[in-house]
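Engineer: Structure for this input, please:
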Amino acid sequence: MTGTFLLRWFLLWVGLGLLLRIGMWVYYPEGSVFPGVLAFGPGVLNDAVTFWLAPGLLAIFILVHPKIAKIGFFVVNAVILVIVIAEGFFWLEFESRLDRLVFHYLAYPREVIVFLEDQFFLSLVLVPFLLFVWLVCWLIGYPDPEQAKRAHALGFLVLALVVGTFFQPVGLGGFNHSRVAEQFVSNGYLGVFQDALYDVRLPPWMPEQIETGYPASSGHVGDKREDTQELQEAQERDVDLQALLSSKKHLILVIEESFAGEVWRDPVLRETYLPNFSRLSKQGLSFTNLYATGSRTTRGMEAILNGFPPLPGISTTEREGYKKLPSLARAMSDAGFYSAFLYGGWPGFSNFSNYWRATGFQKIWSREDFDEPFETSWGVSDGALFTRILTEMDRLTVQQSNVFMSTLTVSHHRPYDFPDNVVQWDANARNSAYAMAYADQSLANFIDAAKDKAWYADTIFIVVADHGLHPRGDQLIPFNSYRIPLLILGQGIGGREYASLGSSISIPQTVLDIFDVTSNELFSGRSLLCDCVTPVPMEYGYHVGLLSEQQLDVVSRDGRSVTWYLDDDQVVEQVQEVEDVHQDVLDFFAPALRWYYAR
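Structural biologist: Model prediction:
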């Protein structure tokens, strides 16, 4: 590889990175701090250093045989351009560079290819894309196989591995705790390499000695004994409500995909697109200050079904050892409930079926058990899903004394497709708000249809979002994007709002308290029925933290601590290295991490 050839390739690499950053800079939501043009310098420097990954990939082909150097060059440039496109998508969707999700998606190629075809018409753009790659290669100039020396290739490969393994992205002074700034000046190559090398079993902040046990209590929210007393006081105040709840025989848990964001938080948008949810909120127990533990569906499952802290990295539902997780399904089954999960999506995606079965669900349905004329790339529509739930509940409640039915919707997921003639909004627009309106109408139709069923009077309905819509915000954990709704509905349950700070991790314990079930499952959360502040753990990008009414405390992936002080959910001050706060976070997360990986 000659110096001229490498220079042209280098200019392409840096130019693509610069164009991508310009696009990221142009498309940035208002209302957040952003470093502006000063971020371009460190960003270009990071791209310049990581350029050596490109000839490192080409070196692999040369080491196989120098004669395939041209083919390798074409493949490497195709990969580079795919990564540029993926980086743009990640920024629009997550305000993030490529990260550990790359490994997640590569593990499920069938589902990802179907999604790409449905969302981006992969088969139509493939030929033009390959022609464009050929043009790029022609402009740079293909490497001469006669000059492709294996010794040189080995050097490039070693250099690429060193860069990917040890190079730390150049930061931006004054913005070292801005999530968006850090993502902007870095790039996807560094993100993927660093995530691949991160030891989730032993992060830098993991103490050698752990004195607290799992489940842990956080100093931010008071002693668990005090919370238990508040729950008892709440039950005494609401003795009629508690008697009503515990008299029910069945539970339907509806986990709504991404059912949050501005459409839910903004009163005007909510009345426009979610009129039914607004109506239902006044008829049941509405929890208005609840937060998810992460930004992915698997995180939602881990919290809602397992009551387990969000360890840094991927959720425990996808890690080796997920069978040992505490389980709501297992607790309910032990109490005499028939536990079932009805899902209209891919059964193998995100390890769903294996995870549900291993944690105690006795029956599982997936999209393979549906025969529906309308499907999106992620599964059947909410309407078809709820119709099937009605059918199965008719059957199961005759056969079983107690039924615990869980479900996960997919309609409010990209590409936001839904059937025609259900809501007034255009079903072909692929608009998030319109898809939420469809989800809202489907939920209302389901509840209304259930009222005509013999089992309705004996059933509690819990409706909760798995996570927020998009991660948005400058904090290392974008906590404002994690806020989600929770409703508890059923015949005789009057309208009441619970405004105390809480987390979806507390749903399992709340369910046990509703049905007066005693269990040995080690749930970290506490009952939300006490209407008192309960632990609110969060994770993002290997950062872990705890949210309270006054502050967000985070221990970063490299062990640094930082606190954001809040006033009505708005950040008013940022302070680094608060020792007692640092210890509070570790006291919550470290015991769970040690317990999960204990042999």
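Engineer: The stretch 51-200 of the chain: helices as residue ranges?
Structural biologist: 53-64, 69-94, 101-106, 109-120, 122-140, 150-166, 179-185, 188-197 (DSSP state H, counting those that start in this stretch).
Engineer: So what would you say the end-to-end distance of stretch 324-338 is?
Structural biologist: 20 Å (Cα to Cα, to the nearest Å).
Engineer: any idea how far that stretch is from the chain center?
Structural biologist: Computed by Cα atoms, centre = their mean, to the nearest Å, the chain-centroid distance of stretch 324-338 equals 24 Å.
Engineer: Also stretch 158-175?
Structural biologist: Remark: stretch 158-175 is offset 26 Å from the chain centroid, using Cα atoms, centre = their mean.
Engineer: Quick check: buried residues in that stretch?
Structural biologist: Of all the residues in stretch 158-175, those buried under the rule 16 or more other Cβ atoms under 10 Å are A160, V163, G164, F167, P169, L172, F175. C-beta: built from backbone N, CA, C; applies to glycine.
Engineer: The fourth one contacts L190, doesn't it?
Structural biologist: Okay, so that is F167. Yes - applying Cβ atoms under 8 Å, one finds F167 in contact with L190, separated by 6.9 Å.
Engineer: returning to that earlier point: ok, which of the helices of the stretch 51-200 of the chain comes nearest I447?
Structural biologist: helix 109-120 (29.6 Å; Cβ to Cβ).
Engineer: and the closest one, what does it pack onto?
Structural biologist: For helix 109-120, the packing partners by 3 or more Cβ pairs under 8 Å, 6 or more residues apart in numbering; DSSP states H and E come out as helix 122-140.
Engineer: where exactly do the strands run in this structure?
Structural biologist: Secondary structure of the chain (DSSP state E): strands located at 250-256, 285-291, 338-343, 363-365, 403-408, 459-465, 483-489, 496-498, 502-503, 537-540, 543-547, 551-555, 561-567, 570-576.
Engineer: So what are the sheet partners of the third one and their directions?
Structural biologist: What it means is strand 338-343. strand 363-365 (parallel), strand 403-408 (parallel) (DSSP bridges).
Engineer: now those strands in a markdown table, with distance to V463 and mean neighbour count?
Structural biologist: Converted to a markdown table, the strands paired with strand 338-343 look like this (distance: least, Cβ to Cβ, whole Å; neighbours: other Cβ atoms under 10 Å):
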| stretch | distance to V463 | mean neighbour count |
| --- | --- | --- |
| strand 363-365 | 19 | 17 |
| strand 403-408 | 10 | 24 |
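Engineer: Need those strands in TSV (columns: distance to T534).
Structural biologist: Converted to TSV, the strands paired with strand 338-343 look like this (distance: least, Cβ to Cβ, whole Å):
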stretch	distance to T534
strand 363-365	30
strand 403-408	22
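Engineer: Among those, single out whichever gets nearest to N520.
Structural biologist: Closest to N520 of the strands paired with strand 338-343 is strand 403-408 (Cβ to Cβ; 17.5 Å).
Engineer: residues in contact with the closest one?
Structural biologist: Applying Cβ atoms under 8 Å, 6 or more residues apart in numbering, the contact partners of strand 403-408 are 249-255, 257, 297, 301, 305, 328-329, 332-333, 337-343, 345, 361, 385-386, 389, 392-393, 396-397, 455, 466.
Engineer: And the strands paired with strand 338-343: which comes nearest E117?
Structural biologist: strand 403-408 (22.6 Å).
Engineer: Give me the angle between that closest one and strand 250-256.
Structural biologist: If you take axes from the mean of the first three to the mean of the last three Cα atoms, to 10 degrees, strand 403-408 sits at 10 degrees to strand 250-256.
Engineer: what about strand 403-408, distance to the chain center?
Structural biologist: 21 Å.
Engineer: now do stretch 364-379
Structural biologist: For stretch 364-379, the distance to the chain centre is 22 Å (Cα atoms, centre = their mean).
Engineer: C-alpha coordinates for it, PDB please?
Structural biologist: Extracted in PDB, the C-alpha atoms of stretch 364-379 (Å, rounded to 0.1, in the frame of the first residue of the first chain):
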ATOM      1  CA  ILE A 364     -45.700 -18.800  25.500                       C
ATOM      2  CA  TRP A 365     -47.200 -17.700  22.200                       C
ATOM      3  CA  SER A 366     -45.400 -15.700  19.500                       C
ATOM      4  CA  ARG A 367     -46.000 -14.400  16.000                       C
ATOM      5  CA  GLU A 368     -45.500 -18.000  14.800                       C
ATOM      6  CA  ASP A 369     -48.800 -18.800  16.500                       C
ATOM      7  CA  PHE A 370     -50.700 -16.100  14.600                       C
ATOM      8  CA  ASP A 371     -52.300 -16.200  11.200                       C
ATOM      9  CA  GLU A 372     -52.800 -12.500  10.500                       C
ATOM     10  CA  PRO A 373     -53.100 -10.700   7.200                       C
ATOM     11  CA  PHE A 374     -51.400  -7.600   8.600                       C
ATOM     12  CA  GLU A 375     -48.000  -7.700  10.200                       C
ATOM     13  CA  THR A 376     -45.100  -5.200  10.600                       C
ATOM     14  CA  SER A 377     -41.500  -6.200  10.600                       C
ATOM     15  CA  TRP A 378     -41.700  -6.600  14.400                       C
ATOM     16  CA  GLY A 379     -44.900  -8.600  14.700                       C
END
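Engineer: Just the buried positions in that stretch, please.
Structural biologist: Quick answer for stretch 364-379 (16+ other Cβ under 10 Å): I364, W365, S366, R367, F370, E372, E375, T376, S377, W378, G379.
Engineer: Let's test this: what are the backbone torsions at the third one?
Structural biologist: Right, the one you point to is S366. Dihedral pair for S366: phi -140, psi -170, per degrees, to the nearest 10.
Engineer: which non-adjacent residue is nearest it?
Structural biologist: Sequence neighbours aside, P347 is the residue nearest to S366 in space, at 3.6 Å (criterion: Cβ to Cβ, 6 or more residues apart in numbering).
Engineer: Could you report the pLDDT at that neighbour?
Structural biologist: pLDDT, P347: 91.
Engineer: what sits against it?
Structural biologist: S353, I364, S366, R367, E368.
Engineer: Those residues into a markdown table, with extra columns for distance to R150 and pLDDT?
Structural biologist: Below are the contacts of P347 laid out as a markdown table (distance: Cβ to Cβ, whole Å; pLDDT from 0 to 100):
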| residue | distance to R150 | pLDDT |
| --- | --- | --- |
| S353 | 46 | 95 |
| I364 | 52 | 97 |
| S366 | 49 | 95 |
| R367 | 49 | 93 |
| E368 | 48 | 92 |
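Engineer: Export these as JSON lines, with columns for distance to L63.
Structural biologist: Listed next are those as JSON lines, based on distance: Cβ to Cβ, whole Å:
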{"residue": "S353", "distance to L63": "40"}
{"residue": "I364", "distance to L63": "46"}
{"residue": "S366", "distance to L63": "43"}
{"residue": "R367", "distance to L63": "43"}
{"residue": "E368", "distance to L63": "43"}
